[in-house]
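Trainee: I'd like to go over a predicted model; first the sequence, then the structure.
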There are 4 protein chains.
Amino acid sequence: SKYEYVKQYELDDTLLPGCWIVVRIDGKGFTKFCDVHGFEKPNDKRALDLMDACAAAVMTEFPEIRLAYGESDEYSFVLPRSTDMYGRRASKIVSLIVSCFTANYVARWPEHLPGTPLASTPMFDGRAVCYPLDSHLRDYLSWRQADTHVNNQYNTCFWALVKSGKTPTEAQATLKGTLSGFKNELLFREFGINYAHLPEQFKKGSVVVRQKAMVEVKQREDGSPVLRERALPAILHCDIIGDGFWQERPHLLAP
Amino acid sequence: SKYEYVKQYELDDTLLPGCWIVVRIDGKGFTKFCDVHGFEKPNDKRALDLMDACAAAVMTEFPEIRLAYGESDEYSFVLPRSTDMYGRRASKIVSLIVSCFTANYVARWPEHLPGTPLASTPMFDGRAVCYPLDSHLRDYLSWRQADTHVNNQYNTCFWALVKSGKTPTEAQATLKGTLSGFKNELLFREFGINYAHLPEQFKKGSVVVRQKAMVEVKQREDGSPVLRERALPAILHCDIIGDGFWQERPHLLAP
Amino acid sequence: SKYEYVKQYELDDTLLPGCWIVVRIDGKGFTKFCDVHGFEKPNDKRALDLMDACAAAVMTEFPEIRLAYGESDEYSFVLPRSTDMYGRRASKIVSLIVSCFTANYVARWPEHLPGTPLASTPMFDGRAVCYPLDSHLRDYLSWRQADTHVNNQYNTCFWALVKSGKTPTEAQATLKGTLSGFKNELLFREFGINYAHLPEQFKKGSVVVRQKAMVEVKQREDGSPVLRERALPAILHCDIIGDGFWQERPHLLAP
Amino acid sequence: SKYEYVKQYELDDTLLPGCWIVVRIDGKGFTKFCDVHGFEKPNDKRALDLMDACAAAVMTEFPEIRLAYGESDEYSFVLPRSTDMYGRRASKIVSLIVSCFTANYVARWPEHLPGTPLASTPMFDGRAVCYPLDSHLRDYLSWRQADTHVNNQYNTCFWALVKSGKTPTEAQATLKGTLSGFKNELLFREFGINYAHLPEQFKKGSVVVRQKAMVEVKQREDGSPVLRERALPAILHCDIIGDGFWQERPHLLAP
Ligand SMILES: Nc1nc2c(ncn2[C@H]2C[C@H](O)[C@@H](COP(=O)(O)OP(=O)(O)OP(=O)(O)O)O2)c(=O)[nH]1
Ligand SMILES: Nc1nc2c(ncn2[C@H]2C[C@H](O)[C@@H](COP(=O)(O)OP(=O)(O)OP(=O)(O)O)O2)c(=O)[nH]1
Ligand SMILES: Nc1nc2c(ncn2[C@H]2C[C@H](O)[C@@H](COP(=O)(O)OP(=O)(O)OP(=O)(O)O)O2)c(=O)[nH]1
Ligand SMILES: Nc1nc2c(ncn2[C@H]2C[C@H](O)[C@@H](COP(=O)(O)OP(=O)(O)OP(=O)(O)O)O2)c(=O)[nH]1
Ligand SMILES: O=P(O)(O)OP(=O)(O)OP(=O)(O)O
Ligand SMILES: O=P(O)(O)OP(=O)(O)OP(=O)(O)O
Ligand SMILES: O=P(O)(O)OP(=O)(O)OP(=O)(O)O
Ligand SMILES: O=P(O)(O)OP(=O)(O)OP(=O)(O)O
Ligand SMILES: [Mg+2]
Ligand SMILES: [Mg+2]
Ligand SMILES: [Mg+2]
Ligand SMILES: [Mg+2]
Ligand SMILES: [Mg+2]
Ligand SMILES: [Mg+2]
Ligand SMILES: [Mg+2]
Ligand SMILES: [Mg+2]
Ligand SMILES: [Mg+2]
Ligand SMILES: [Mg+2]
Ligand SMILES: [Mg+2]
Ligand SMILES: [Mg+2]
């Protein structure tokens, strides 16, 4: 039709070939969203498990995703250098990952937060970032995991202080400029909390990798299961800053 | 931290100022999704109503959106030239609109398709396109609405033929290269269908505009409602190709 | 060859269709370049004429260019909304205009500055900017011409003061925060300069438009010239902020 | 001024950090330009020397450039991963390299082609391409040098045939689909040309690297020169596809 020329206004947004692609999504206004739904502070295991389940679903949907890392209201998905997913078109990749994550978040909400009806619309923004070198990708993931640690330690102290009766302003003042060691001691001394004993999910965030597992693919006539090995998303809460994680899984950084 | 440098790899994706921004989202693999959920062919009013409800929710969430137009598994959202929504960052705008739409699609599904559980994950891709002139925007919307008409007429014939016993290949052959008039006649002659009498929603798609309405904002002590005028998303199924629609709503094309 | 894959790393840089394209070039380090070559301060007519001649040559080379505006060490070239010059590829358009301008600048230098050998390499940077509306294009050109006026008035005062014996610091202090009227009076009172009588080229910059002219295309056997009407670049020094210029040349803003 | 808002329409065009940046320039319409100026076919040493001299001048002007490779009417300039030249703004980098090259081409023309006045404007287009890995950069340069060889061998045969009396169409037909070995034999058998003995500049193109050299920086009172070691652009005609070149110059691929 004579209107079709408008299609030409769609500009190309191909991401540079040969780079790692990271898609990071982040909850919109989750400070309020968490409040509205009465999430436990600073970490609500139900909410984090829901995030992890959604990330695993995204990885099942998009087999090109190599691994994912999540914390708080955000998740990062890593596509390999060689991916040709949607011709590396940024808006296709970002929008579909965001959409898949969001759909799962709403669909799986009742299972993870039974008794808490959704009172507002959960939404996630998304962006794609390219990293040329393996070291850049490692540093990106280290950036997020270091952030998890710093935030979690601060928030654990902050909410312990507030729950013990301090005002938010007082709690903030107590923590301002303090070092990591001081915070650990504060937790132990004042609240009997050994930071090292907190759940790894809170301290390290969540890593989703594909792991070999036996999966029932069908049943024989006698009802016995037929098992096949499949690479399924598995959720870990481990260090990804050091070399160990990567040395054990060399395929993760393969081109 | 020493990892923070990776943040600099996020490149700017600002959309050109002064242009109309159209965000079009489209269901991923809805041919199959519609099949799996037994949508009526070619149009399932329940599914279209769900799409319309989601679009209205998106417009409620993002007051910057001027109007929206939807058909089939797609919706286009129009942001005005002057918008500074998220600094006109493409990935922010696209991902949040997609996410909001998707969240609503899942959340409102049971209400619109009671008795049909979601059997797979509905997902939408999204893209942003800039249009410099009002005439471009008008042509864009005309392109989509003309597409609605052509597709709907074809599909109505196609499924009538198939439901009457033809194979898909035969139906296709019957319609190949035929003109609009022929199809209308075919529908009437063979199936007693007067195309003009089909629902406007199928023939014209859906337009969402904000319309003044009296809304209950609170109740008085005696229980009587306090009403205020609010501009609420309203769903129309009217022509937007001609000038009439625009002349009646001059604010739509205001800068 | 097996190396050819590297070609795919060239990303698309198409400029949005339907917009005015402005390519602005600007001399690199011309503060020093003008000094080194002993340009008259604040305006050296020879240098400005050279700039104008180069701009005319660029317009002859690229017939798609609608008009150009120059001042100081910069020139802006305007391509119409409808141009498909090099498929609207930004780097093609910018690099070729810059290259054409630079080549002419060096080639025509001896003609405009006889007796002054080129002592360093003149270079120009370039960029492409898109403007959706006619009013944006008008405002862009007004921005540059208003800048010409403000700079020229300031510089005229500044150099008059310095030539009369003030130090640059004193001259700057004298002018700091003063209004246009004060500067005009200063020029008149102290130096007998009537600003209104300065050359239009200095006050208004240079506008290059195509004007109909009779051109000798060949000679008859008897030696008499055969003339044909051609649209040739002509250099004007007139106001382009007001409506007059545009009303007299409606073709300039034609799509 | 009220016009300044138009500055905001300049969009960011930063090149991805951490990548090699290659700027390739290429003569516009040099098929005709070479013809017009009577360049020797297929290679005119004067023209190639001029290209090489311009590339060396560009490298002197922009110390960030790591190395350059040229052939025919093109040159590629390599900026290191870590460069922050003009904040990695694509149009700044491309336009200035193109401008510097062009200015030198015109200025140095008389020295390299004495007696041949410039009869038209030499112009170069330019583009920037990012390469994430060292291997990509190596492959890029190999791509260009392999191209040099293939083109040169073909052109040498083609022009030998044409000079010997064949029409261009006949020459083309003779060479169509032939392998490298056949062409070498043809040259030797028919024209007594040993391809291996042709100048390296024709067969390998030109590589510009910085090499330590003693440079006279000033003179002592007695007129004797004061020498200092400087890294100056040097032009080589050697293989850059194999590893040797790179192993001898490890600094070239340093980050
Ligand atoms: N109480 C509670 N809050 C959480 C939990 N996980 C995340 N949050 C909250 C803490 C932060 O306020 C917020 C995440 O920070 P963001 O920087 O993403 O801010 P927010 O989402 O509010 O704004 P944004 O739209 O992303 O700019 O989510 C949780 O498990 N429990
Ligand atoms: N039965 C039925 N199908 C519908 C209805 N609305 C949309 N569809 C189907 C018809 C088309 O096959 C499909 C939309 O066409 P698309 O071009 O978007 O294709 P699809 O979503 O399969 O692939 P895509 O991922 O968008 O490339 O959705 C409906 O109301 N009823
Ligand atoms: N003496 C003299 N100087 C001029 C003339 N035209 C331009 N200039 C000088 C005045 C300014 O210092 C300079 C133009 O200002 P710019 O902002 O373009 O600065 P410049 O080129 O030095 O640096 P850039 O590389 O553009 O950032 O050129 C002239 O006719 N005579
Ligand atoms: N006779 C002669 N021709 C040369 C020499 N060096 C380059 N050329 C010519 C051969 C080719 O026709 C042309 C370079 O090929 P291109 O693909 O760059 O084509 P051209 O510049 O004509 O078009 P373009 O504007 O780059 O698309 O320059 C030389 O030394 N002698
Ligand atoms: O949202 P923040 O503050 O964590 O930081 P950001 O996500 O990098 O900022 P933005 O969402 O504006 O890109
Ligand atoms: O998806 P189509 O075929 O309707 O057309 P498109 O959406 O323009 O194509 P793409 O989704 O690949 O951008
Ligand atoms: O160069 P300036 O300072 O006149 O201003 P600009 O040209 O907009 O700045 P830049 O050259 O850095 O884009
Ligand atoms: O110009 P060509 O044909 O050598 O190939 P190219 O330079 O990649 O093509 P373009 O100049 O159109 O980018
Ligand atoms: Mg954010
Ligand atoms: Mg958030
Ligand atoms: Mg967050
Ligand atoms: Mg599509
Ligand atoms: Mg679809
Ligand atoms: Mg569709
Ligand atoms: Mg500048
Ligand atoms: Mg300058
Ligand atoms: Mg300037
Ligand atoms: Mg080319
Ligand atoms: Mg060329
Ligand atoms: Mg070439």
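Mentor: Now that the structure is in, tell me what you want to look at. Residues are numbered from 1 along each chain as shown, chains lettered A, B, ... in the order given. Ligands and ions are numbered 1, 2, ... in the order given.
Trainee: What parts of the stretch 101-250 of chain A come near chain D?
Mentor: A:Cys130, A:Tyr131, A:Pro132, A:Leu133, A:His136 (C-beta under 8 Å from any C-beta of the partner chain). Backbone N, C-alpha and C define where each C-beta goes, glycine included.
Trainee: Quick check: the farthest pair among those?
Mentor: Within these, A:Cys130 and A:Leu133 form the most distant pair, 10.8 Å apart (C-beta to C-beta).
Trainee: any shared contact partners between the two?
Mentor: By C-beta atoms under 8 Å, 6 or more residues apart in numbering or on different chains, A:Cys130 and A:Leu133 have these common neighbours: D:Pro132.
Trainee: which of the two has more neighbours?
Mentor: Higher neighbour count among A:Cys130 and A:Leu133: A:Cys130, with 26 against 18, using other C-beta atoms under 10 Å in any protein chain shown.
Trainee: Which ones among the residues of the stretch 101-250 of chain A next to chain D lie within strands?
Mentor: Counting by DSSP state E, these place A:Cys130, A:Tyr131 in strands.
Trainee: and of the residues of the stretch 101-250 of chain A next to chain D, the nearest to B:Arg88?
Mentor: Distances from B:Arg88 to these, taken by C-beta to C-beta, are shortest for A:Cys130, at 21.1 Å.
Trainee: secondary structure class for A:Val208?
Mentor: strand (DSSP: H, G, I helix; E, B strand; the rest coil).
Trainee: what's the nearest residue to it if we skip its chain neighbours?
Mentor: Spatially, and ignoring its direct neighbours in sequence, A:Val208 is nearest to A:Ala68 (4.1 Å; C-beta to C-beta, 6 or more residues apart in numbering or on different chains).
Trainee: what's the neighbour count on the one you found?
Mentor: Around A:Ala68 there are 26 residues (other C-beta under 10 Å).
Trainee: same thing with A:Lys218?
Mentor: 8.
Trainee: need the contact list for it.
Mentor: A:Pro225, A:Val226.
Trainee: Just to be sure, it is in a strand?
Mentor: Yes: under three-state DSSP, A:Lys218 sits within a strand.
Trainee: Which pLDDT value belongs to it?
Mentor: For A:Lys218, the model assigns a pLDDT of 93.
Trainee: quick revisit: need the residues of the stretch 101-250 of chain A next to chain D in CSV (columns: pLDDT and distance to B:Cys100).
Mentor: Shown next, in CSV, are these (pLDDT from 0 to 100; distance: C-beta to C-beta, whole Å):
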residue, pLDDT, distance to B:Cys100
A:Cys130, 99, 26
A:Tyr131, 98, 29
A:Pro132, 98, 33
A:Leu133, 98, 35
A:His136, 98, 32
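Trainee: mind checking the backbone torsions on A:His37?
Mentor: Listed backbone geometry of A:His37 is phi -100, psi 10, with angles given as degrees, to the nearest 10.
Trainee: Got the confidence number for it?
Mentor: Reported pLDDT for A:His37: 98.
Trainee: try A:Glu111
Mentor: Listed pLDDT for A:Glu111 reads 98.
Trainee: Quick one: check the strand or helix carrying it for contact with chain B.
Mentor: If you go by DSSP states H and E, A:Glu111 is part of helix A:90-112. Yes: interface with chain B: helix A:90-112 contributes A:90-92, A:94-96, A:98-107 (C-beta under 8 Å from any C-beta).
Trainee: Quick check: buried residues in the longest helix anywhere in chain A?
Mentor: Longest helix in chain A by number of residues (criterion: DSSP state H): helix A:134-163. Within helix A:134-163, the residues that count as buried by 16 or more other C-beta atoms under 10 Å in any protein chain shown are A:134, A:136-149, A:152-161.
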